[in-house]
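Peer 1: Pasting the sequence and the predicted model now:
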Amino acid sequence: MMVIINERVMEERKLRQFNRLVYFEWKKIWKRKGTWITLAILVLFYFVIDFSYFFGSKYVEGEFMETHVEGTKIDIENGKRLKGRKIDQKLLDDMQSAYTEYLQSDNLKYQLTEDYQKNVRPYEDVYLIVKEMMYGYSSGDGAMRVTEEELYQARNENVKESWKSYGLADSEIDYWQEKENRLLKPFTYEYSHGYQDLISMSGVYRVCLLVTFLIAICMSGVFTEEHGRKTDQLILCSKLGRKQIYFAKIAAGSLFSLAVTGILLLCGVFTSLFMYGTDGFSAAIQLMAPHYSMILSIGDVFLIMSGILLLASILMSIFTMVLSEITRSNIASMAVVIAFMFAARLVTIPYVYRVVSQAWNMIPINLLKFDAGFWDLRLISIFGIKLTLWQFAPLIYVVFGILIMLAGKRIYCGYQVDGR
């Protein structure tokens, strides 16, 4: 009995020591001036980029129409008025009746008239959604002549065309057809520009870009700092052992990455919802991506993307720290991470190279681009269970994170024995 108690006491003591070590490494990261300077610059950059739009104004053929702040307020109020309406024949008739007279005019100054602002502008968002649903089916003023039946038939044809463009197998088509059959139609309109902004290029995707820079700069020195200052031999004298010190550094770096990702993500949520309002969390994703068949709300997509981003930040942190230990250089590891990010951002692999293309699209910077990796319709089957890329990627991130971490442990501990 005493042996069991003593073992439990020892384990608790080791855990407390490990926690203190993690806290010590955490403080070391936050005490660096470079950490605060980089974070402050990126937060300031985020706010400047987002709010700079609101300092502008809209002009129609050189004549002032409104400031962007005023315009956004009007659009939000118009959206609230139409909230809950089905995109059916009645709404199409109302939109077409309001628009027809003005679309025949070549003089865009009609947008300045009170009649346009009161009777036509409320349907602008619906008009754009209808045109997007009809993509590839009609052009010009086709949205002004389409009926409800023709509209959803056009969308159905475009959905099948997107399946064809991805070269889906029959089993994948069956999967998406089942999802398509469960969609509630006609779609219900809801103003959702705040959450649309969060899942677009200026939301979670931008946070991923900034977080990658931040991690590359701040995490590349976690291990190399000791090597550079020649203090790494002191670790050999530690009673906690090399393995615990290594995992404490990994844990502290991962927690730091989660923290800064959360900070930047909150900045994005604040700016988007402050500018465009909080409405639209429950809006169907088909209002933004009409040809996507998954049953999700725009708010669901935002939460999924945020979860993927937080998990990806841990993976990027571990990768950067281990790479710096391999190269023994914070500059080299920083350069590799940033270069890889740009390569992933700029290079597109054709769909015909299916496996490579899918793997490439699972890289966080690609997966969090809504109209690219996240929308990839090709499925991955595991024991008969079909998963989309955004469903499968988190599993890969966890596996890769563990493998990279274990590989880094061997390198770190081996260096302590053989490096001096």
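Peer 2: Right, received. Where do you want to start?
Peer 1: okay, now Ala154: neighbour count?
Peer 2: The tally of other residues near Ala154 (other CB atoms under 10 Å) stands at 20. No exception for glycine: its C-beta is placed from N, CA and C like everyone else's.
Peer 1: Quickly find the element holding it.
Peer 2: Element membership of Ala154, judged by DSSP states H and E, is helix 148-165.
Peer 1: other SSEs contacting that helix?
Peer 2: Where contact means 3 or more CB pairs under 8 Å, 6 or more residues apart in numbering; DSSP states H and E, helix 148-165 is packed against helix 89-103, helix 124-133, helix 170-182.
Peer 1: Least reliable of those by average pLDDT, please.
Peer 2: Lowest mean pLDDT of these: helix 89-103, a mean of 84.
Peer 1: angle of that helix against helix 124-133?
Peer 2: 100 degrees (axes from the mean of the first three to the mean of the last three CA atoms, to 10 degrees).
Peer 1: what about the strands in the stretch 1-150 of the chain?
Peer 2: Along the stretch 1-150 of the chain, counting by DSSP state E, counting those that start in this stretch, strands occupy 57-60, 63-67.
Peer 1: would you turn the ones you listed into CSV with distance to Asn119, mean neighbour count and mean pLDDT?
Peer 2: Listed next are the strands of the stretch 1-150 of the chain as CSV, based on distance: least, CB to CB, whole Å; neighbours: other CB atoms under 10 Å; pLDDT from 0 to 100:
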stretch, distance to Asn119, mean neighbour count, mean pLDDT
strand 57-60, 17, 12, 85
strand 63-67, 17, 13, 86
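Peer 1: quick revisit: list the buried residues in the helix holding Ala154.
Peer 2: Neighbour-count burial for helix 148-165, counted by 16 or more other CB atoms under 10 Å, picks out 148, 151-152, 154-155, 158-159, 162-163.
Peer 1: next one: stretch 163-178
Peer 2: Result for stretch 163-178 [16+ other CB under 10 Å]: buried residues 163, 166, 168, 172-173, 175-176.
Peer 1: Now for the residues you listed: which two are most distant?
Peer 2: Pairwise distances among the buried residues of stretch 163-178 were taken by CB to CB; the largest, 12.1 Å, belongs to Tyr166 and Tyr175.
Peer 1: can you list residues touching both of the two?
Peer 2: The contact sets of Tyr166 and Tyr175 do not overlap (CB atoms under 8 Å, 6 or more residues apart in numbering).
Peer 1: sorry, back to before: just curious, which of the buried residues of helix 148-165 is nearest to Ile308?
Peer 2: Ser162 (22.2 Å).
Peer 1: Quick check: the gap between the closest residue to that closest one other than its chain neighbours and Gly167.
Peer 2: Spatial nearest neighbour of Ser162, excluding adjacent residues (CB to CB, 6 or more residues apart in numbering): His291 at 5.1 Å. His291 sits 16 Å away from Gly167, going by CB to CB, to the nearest Å.
Peer 1: Met305 now?
Peer 2: 25 Å.
Peer 1: residues in contact with Tyr59?
Peer 2: Applying CB under 8 Å, 6+ apart to Tyr59 gives the contacts Met65.
Peer 1: what bridges to it?
Peer 2: Phe64 (DSSP bridges).
Peer 1: Next secondary structure element downstream of the helix or strand bottoming out on mean pLDDT in the chain?
Peer 2: Ranked by mean pLDDT, DSSP states H and E, the weakest helix or strand in the chain is helix 224-229, scoring a mean of 68. For helix 224-229, the following helix or strand on the C-terminal side (DSSP H and E) is helix 242-276.
Peer 1: can you give me the offset of that next one from its chain's centre?
Peer 2: Centroid separation for helix 242-276 versus its chain: 14 Å, with CA atoms, centre = their mean, to the nearest Å.
Peer 1: Can you point out the buried residues in that helix?
Peer 2: 242, 244-257, 260-265, 267-269, 271-273, 275-276.
Peer 1: Run the angle between the helix or strand following that helix and helix 242-276 for me.
Peer 2: Note on helix 242-276: by DSSP H and E, the next helix or strand toward the C-terminus is helix 298-327. Interaxial angle, helix 298-327 versus helix 242-276 (the same axes, to 10 degrees): 140 degrees.
Peer 1: buried set for helix 298-327?
Peer 2: Neighbour counts over helix 298-327 (16+ other CB under 10 Å) mark 298-302, 304-306, 308-309, 311-327 as buried.
Peer 1: Please apply the same query to stretch 357-377.
Peer 2: Judged by neighbour count (16+ other CB under 10 Å), stretch 357-377 contains these buried residues: 357-358, 360-370, 373-377.
Peer 1: Kindly format the C-alpha coordinates of that stretch as CSV.
Peer 2: Taking Å, rounded to 0.1, in the frame of the first residue of the first chain, the C-alpha atoms of stretch 357-377 are listed here in CSV:
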residue,chain,number,x,y,z
SER,A,357,-3.7,17.3,-55.4
GLN,A,358,-5.8,16.2,-52.4
ALA,A,359,-2.7,16.1,-50.2
TRP,A,360,-1.8,19.6,-51.4
ASN,A,361,-5.3,20.9,-50.7
MET,A,362,-5.1,19.6,-47.1
ILE,A,363,-2.2,22.1,-46.3
PRO,A,364,-3.9,24.6,-43.9
ILE,A,365,-3.3,27.6,-46.2
ASN,A,366,-5.1,25.8,-49.0
LEU,A,367,-7.8,24.0,-46.9
LEU,A,368,-8.9,27.3,-45.3
LYS,A,369,-9.4,28.9,-48.7
PHE,A,370,-13.2,28.4,-49.0
ASP,A,371,-13.4,28.2,-52.8
ALA,A,372,-10.4,25.9,-53.1
GLY,A,373,-9.4,23.2,-50.5
PHE,A,374,-12.5,23.5,-48.3
TRP,A,375,-14.8,23.1,-51.3
ASP,A,376,-12.9,20.1,-52.8
LEU,A,377,-15.6,17.5,-53.5
